[in-house]
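Visitor: Provided below are the primary sequence and the corresponding predicted coordinates.
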Amino acid sequence: MGTDALEQRAVNVVRGLAMDAVQRAESGHPGTPMALAPLAHVLFTRVMEYDAGDGDWPDRDRFVLSAGHASMLLYSMLYLCGLGLELDDLREFRQWGSRTPGHPEKGHTDCVETTTGPLGQGLAHAVGMALAEQHLRHRFGAELTDHRVFVVCSDGDLMEGVSHEAASFAGHFRLGHLVAIYDDNRITIDGSTDLTCSDDVAGRFRAYGWHVVELGEVAEDLDALEAGLRAAVAVEDRPSLLVLRSHIGYPSPRYQDTPEAHGNPLGADEVARVKDILGLPREEFWVPGDVLAFYRDAGRRGAAARAAWEERRREYARAHRERFDEYEATVAGRGVAGWEHKLPRWEPGTAVATRVASADVLGAVFDVVPGLVGGGADLTANTGTLVAGERALTPGDAAGRVVHFGVREHAMAAIGNGMALSGLLPFVGTFFVFSDYMRPAVRLAAMMRAKTAFVWSHDSVGLGEDGPTHQPVEHLASLRAMPGFRCIRCADANEVAAAWRVHLDGDGPTGIVLTRQKVPVLEGTAERAPAGVPRGAYVLVDEAAETPELVLIGTGSEVAVCVGAREVLAADGLAVRVVSMPSWELFEAQDDAYRRTVLPAGVPTLAVEAAASLGWSRWADEVVAIDRFGESAPGDVALARLGFTPEHVAERARALLGRR
């Protein structure tokens, strides 16, 4: 069999696998894998540089399937090219415990670069990967980093708002190693895209500063697809978009170019009919030996390139030892040995906004944690994510480590995740109330254990005059409900330093929640926070009595209110303990014995937090909270009028003790 005939049969085998897996699962999306099988074939066998012998090779090309519903396209290629899946995994598509879930999941399936499915997120994650690639290449040289990021996106991806933000960012920063392929099949679940959309996609991306090529009707032409991809790879000064007119469900006589091909099995009869058209036997999951050998050879093709990279890496280490050590720490997402000794410490008697303390922490450790790269969504200074004296990343100089994301919270969070998946330590900042804009990417970070630091300032009604539109109330409860997400609301500057150490020493994402207003540096946090914050809660102020009569739990700025209330209650002769609880998640992870030392059984407990009361029954008998939206007023006035004063907390404590 000639190469052309073998390749065409290989493409058709991919289509057969996609149809069979969806049919067996009685669930899934066969149409797009069928349409894009030739594109995937060209990418994995002719264009992309990777090595199946080391799927995590740092300088491999990345493939992101932003249209995650087409997961069988990716799973088929991972199996065929020897990237970790077996044929039995395809048979178990969408089943409990399988390695082939309905949408690709980073960390669950080998060689899946990022979790996709929520439309638009994959494209934005790919922008973050391309930003990380460009940053590392400009900072350390092409000897160590010189790869491409390929992303396949759908009509739905480009309708979602996050894709607009991400594409604008990528165009401005000239991410020349990013190649997006837009699958222009003109079909959504509801019907033709002209029901809802008449965008000039090519014109829009040109306006963003992208190199755009409208490939037209070449979805079945392997050579034309390769030529288009190679032309895009050759463009170094801006990202590229290839617009590919495809036909969903090709070549199904019944379902091609219909919504039914998007999200439903074709049916056994139609699968058989399509296999007849393609010249495939009707056998399920049929993969002939010559096709598998062809793909496995393609999977190993990058071994020489990887070996050459490893030699360059060894030579770089010999010639530039200090620079190489910095590179290694950067891509490993860790600090140099002893980095934590540079964390600042604050003494009581001063007042510091915790957002300011966060900036001070970043400034102190920036040179010893070289992977830290980030900034804010047009709020870099406001959120404490501007590192004084550090140069900004610009379109012409991506080696800078301060990133101005612009007013793009949706994309900023996803771009941060893409950077984290490339080994960096991204931090992204905005006002806490705008964490709503970031939530899809935050959720994906939690699923993937992406080490992204989400820095949220202006954390309560204490921010003041901007009023209820900017005053977060329900956000802490919402984020605490998210599995795998670590949220830390800092009481003072010393807790901020401890929170950053928790994030940098740990894995997975962290939300660091900070005040706009100044808060006092509390007595005891310099000594107790370094050990207490990693455990989620700790005793900050205690009486000599072995068992207190009352425990006050505070978070964030309300810890100081609890300390003040304790002094009021002490005048009544009451033995009161004050507990700082910066992180429910970290406290929940402790054993029962430790939790009992902090919150003794049978002791009345009152929590104080300028946020919604939802969930506090887990830890406290009662809570001073806010179950309404705030008011436009100076921050101290708003807090006082809503009950966050030592006197009111003491009054509530007396009432609790009276009822007990």
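Guide: Structure received.
Visitor: for the stretch 351-500 of the chain, what spans make up the helices?
Guide: Taking DSSP state H, counting those that start in this stretch, the helices of the stretch 351-500 of the chain run over residues 354-365, 409-421, 435-448, 475-480, 493-505.
Visitor: all strands of the stretch 301-450 of the chain, in order?
Guide: Here the stretch 301-450 of the chain has its strands, by DSSP state E, counting those that start in this stretch, at 351-353, 372-376, 425-431.
Visitor: Turn these into TSV, including mean pLDDT, mean neighbour count and distance to Val502.
Guide: Quick note: C-beta positions are derived from backbone N, CA and C, even for glycine. Shown next, in TSV, are these (pLDDT from 0 to 100; neighbours: other Cβ atoms under 10 Å; distance: least, Cβ to Cβ, whole Å):
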stretch	mean pLDDT	mean neighbour count	distance to Val502
strand 351-353	98	18	19
strand 372-376	98	27	15
strand 425-431	98	28	13
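Visitor: Figure out which of those strands is closest to Val496.
Guide: Evaluated over these, closeness to Val496 peaks at strand 351-353, with 8.7 Å, by Cβ to Cβ.
Visitor: Which other helices and strands does the closest one contact?
Guide: If contacts are counted by 3 or more Cβ pairs under 8 Å, 6 or more residues apart in numbering; DSSP states H and E, strand 351-353 sits against strand 518-520.
Visitor: Pick the most deeply packed of the helices of the stretch 351-500 of the chain.
Guide: Most buried of the helices of the stretch 351-500 of the chain, by mean neighbour count (mean count of other Cβ atoms under 10 Å): helix 409-421, with a mean of 31.
Visitor: where does Thr383 fall, phi/psi-wise?
Guide: The phi/psi pair for Thr383 (degrees, to the nearest 10) reads phi -100, psi 0.
Visitor: cool, Leu514 as well?
Guide: Dihedral pair for Leu514: phi -130, psi 160, per degrees, to the nearest 10.
Visitor: Tell me how many other residues surround it.
Guide: Per other Cβ atoms under 10 Å, the neighbour tally for Leu514 reads 28.
Visitor: sorry, back to before: would you reformat the helices of the stretch 351-500 of the chain as CSV and include mean pLDDT?
Guide: Below are the helices of the stretch 351-500 of the chain laid out as CSV (pLDDT from 0 to 100):
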stretch, mean pLDDT
helix 354-365, 98
helix 409-421, 98
helix 435-448, 98
helix 475-480, 98
helix 493-505, 98
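Visitor: And Val561, which helix or strand is it part of?
Guide: Using DSSP states H and E, Val561 sits in helix 558-570.
Visitor: elements contacting the helix or strand that that helix is followed by?
Guide: Downstream of helix 558-570, the first helix or strand assigned by DSSP H and E is strand 576-580. Helices and strands touching strand 576-580, by 3+ Cβ pairs under 8 Å, 6+ apart, are helix 525-532, strand 538-541, strand 550-554, helix 558-570.
Visitor: And the helices of the stretch 351-500 of the chain: which comes nearest Ser613?
Guide: Smallest distance to Ser613 across the helices of the stretch 351-500 of the chain (Cβ to Cβ): 8.2 Å, for helix 475-480.
Visitor: picking that back up, which residues does the helix holding Val561 contact?
Guide: The contact list for helix 558-570, computed with Cβ atoms under 8 Å, 6 or more residues apart in numbering, reads 491-492, 519-520, 522-523, 540-541, 550, 552-554, 576, 578, 580, 608-610, 624, 644-647, 649-650, 653-654.
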